[in-house]
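Pasted the sequence and its predicted model underneath.
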Amino acid sequence: MLDDLHNHFRLATLEVIARYTVGIAVERNRGVGTGTLVLVGQERFVVTALHVVGDTNCDDIRFWLRPSKPLQEKAAADTSNSEIGGFSLGVQFPIIEMLKDPKNDIAALRLDPSFDLPEAVEFYDVRRSYEFTSWEDGRFDGLSLVLFGFPVANSREVAVRGEVSLRFLGCAVHLSEYSLDLNNSAWSGLSSRFSKPRHFVFKYHDAEGLEPHGFSGGAVWTLGDDPNASVWRPDPILIGVVLNYARAAGLLIAAKLPTFIDASTSPLS
């Protein structure tokens, strides 16, 4: 019974996170990453890692949105074309500006404020994350972390047209936790581009040892509500953005909130 209950909490949380999450493709679908729909005041953005979009023209970026039906927990390799029910080359968003932070590898795609999303997706109000911009590292110790995205390794080829491989892009989930000890000791073995003041790391593996490559740009979430409370609802809170996979160390590297959010002045600064 408890296992079923916890599984229900997990699925409910993923359904909410999926509403904020988009798949991103550039270079005629050769490059794939993940982004998050974010609301800052009245302004709307897709936040991702800069290397996901690079120097791509805004008109050449395509997005994949979660369908209106419930998520299916099934590996992309195990799906059939009939189960998918159709294919899409992605949709365009009305991007009016691409804000780039090369030093921190962050991009924020500003969308036309009149743009209305389909019913199955929505913008995450970044004000809900402001509290975490001032937390000391010790307060994060033991915090549950949830990662949801569209790693290209969790996909399968369905057709080839010229030089372009058309793929069914499945979502993937990774559950981890914040370790203060790990975040105090990991940096000497990582690239000098990353540092404790601006980034955090967490273990990336699961029981089967599956490590689908390509979570870049995806948000790192924690839970805002206690699932043991008398009334519980899934309440994920964004606390970072994935930038890099240190495969040899088995770690994902994420930007801390203050790297791209300044709650005291202008968010996404």
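The structure has been received and is ready for your questions. Nothing here was measured: the structure is a model prediction, and the numbers come from that model.

F45 should be in a strand, yeah?
Yes. F45 forms part of a strand when assessed by DSSP: H, G, I helix; E, B strand; the rest coil.

Show me the beta-bridge partners of it.
Residues in a beta bridge with F45, per DSSP bridges, are V38, R110.

how near is it to F93?
10 Å (CB to CB, to the nearest Å). (Each C-beta comes from the backbone N, C-alpha and C, glycine too.)

Looking at the two, which one has more neighbours?
More crowded of F45 and F93, by other CB atoms under 10 Å: F45, with 24 against 21.

Overlap in contacts, F45 and F93.
Common contacts of F45 and F93 (CB atoms under 8 Å, 6 or more residues apart in numbering): L109, L111.

gap between stretch 42-54 and the chain center?
On the basis of CA atoms, centre = their mean, to the nearest Å, stretch 42-54 sits 11 Å off its chain's mean C-alpha point.

what residue ranges in the stretch 151-269 of the chain score low on pLDDT?
Applying pLDDT under 70 to the stretch 151-269 of the chain flags the ranges 152-153, 164-169, 205-214, 225-234, 265-269.

Which parts of it are helices?
180-185, 257-260 (DSSP state H, counting those that start in this stretch).

The ones you listed into a markdown table, with extra columns for mean neighbour count?
Shown next, in a markdown table, are the helices of the stretch 151-269 of the chain (neighbours: other CB atoms under 10 Å):
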| stretch | mean neighbour count |
| --- | --- |
| helix 180-185 | 13 |
| helix 257-260 | 22 |
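
who wins for proximity to P113 among the ones you listed?
Nearest of those to P113, taken as CB to CB: helix 257-260 at 20.3 Å.

Touching that closest one from outside, list them.
The contact list for helix 257-260 (CB under 8 Å, 6+ apart) reads 47, 101, 104, 106, 108, 129, 132-133, 198-199, 238-241, 268-269.

Buried subset of the residues you listed as a ChimeraX selection?
Burial among those is assessed by 16 or more other CB atoms under 10 Å; the matching ChimeraX selection reads:
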select :47,104,106,108,129,132,133,198,199,238,239,240,241,268
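
what's the closest of the contacts of helix 257-260 to L190?
Nearest to L190, judged by CB to CB, of the contacts of helix 257-260 is H199 at 8.7 Å.

so how far is stretch 12-26 off the chain centroid?
On the basis of CA atoms, centre = their mean, stretch 12-26 sits 7 Å off its chain's mean C-alpha point.

Between its first and last residues, how far does it reach?
From its first residue to its last, stretch 12-26 covers 30 Å (CA to CA, to the nearest Å).

Do I have it right that K256 meets K196?
No. Using CB atoms under 8 Å, K256 makes no contact with K196, being 9.2 Å away.

neighbour-wise, which of the two wins?
Comparing K256 with K196 by other CB under 10 Å, the one with more neighbours is K256, at 22 against 14.

how about that one, what does it touch?
For K256, the contact set (CB under 8 Å, 6+ apart) comprises P197, R198, H199, F200, I239, G240.

Please name the bridge partners of the last one.
Each beta-bridge partner of G240 is listed here: V220, K256, as defined by DSSP bridges.

That one and D105: what is the separation?
12 Å.

got it, and the first one?
To D105, P197 is 15 Å away according to CB to CB.

Identify the residues contacting stretch 144-153?
Outside stretch 144-153, the residues within contact range by CB under 8 Å, 6+ apart are 13-14, 17-18, 21, 23-24, 32-34, 64, 167, 169-178, 202, 211-215, 217-223, 236, 239, 242, 252.
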